[in-house]
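Novice: build me a model:
(one chain, ligands or ions: 1)
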Amino acid sequence: MSEVKAEVEKDDFEKSWVSNYVPKDSAADAILQIKDYAYKAFDKLDSDGNGYIEKHELEAHLKDENTPAREKSFITFLLNNQQAIADAVHEGSTSVKGGITRLDLEAYFKLVLAMFKN
Ligand SMILES: [Ca+2]
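Specialist: Numbers count the residues shown, from 1 in each chain. Alright, predicted model coming up:
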């Protein structure tokens with residue numbers, strides 16, 4: 001079941017993001033750009049400063065008309081993959097459900113980028 005879901009997300013990702021911005025063989029570069037953005041924008045995206053980027057925070061930035069289109073594409077990727085990213089590291093019982101931490105980003109992108117090294 002989770003494999004089917006991953007397949008759909010991959011298709012969505014390629015359609016909605018990569019194909020609009022970069023050739024397919026540059027997908028790893030695109031992922032790197034998203035990673036850089038997520039790191040740099042972490043404090044901005046985490047509007048309430050609790051150390052977790054939450055779904056409603058991503059949605060708020062996506063709806064904000066002051067957010068540049070390029071950033072919106074990055075945010076869309078984060079929203080589409082939020083659960084997978086949030087689950088990359090288990091922070092324990094104190095963690096915010098579905099919230100993305102810096103550690104999550106690090107672990108998630110390491111994993112995803114490793115898939116491109118074939
Ligand atoms: Ca937050």
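
Novice: tell me which parts of this protein are close to the ion?
Specialist: D46, D48, N50, Y52, E54 (Cβ under 5 Å from the ion). All C-beta atoms are positioned from the backbone trio N, CA, C, and that covers glycine.

Novice: does the third one touch V96 like I think?
Specialist: Yes. Between N50 and V96 there is a contact at 6.9 Å, judged by Cβ atoms under 8 Å.

Novice: torsion angles phi and psi at the residue lying closest to A41 once chain neighbours are set aside?
Specialist: Of all residues not flanking A41 in the chain, E71 sits nearest, at 7.3 Å (Cβ to Cβ, 6 or more residues apart in numbering). Here is the backbone geometry of E71 (degrees, to the nearest 10): phi -70, psi -40.

Novice: would you mind measuring from E71 to K110?
Specialist: Distance of E71 to K110, given as Cβ to Cβ, to the nearest Å: 23 Å.
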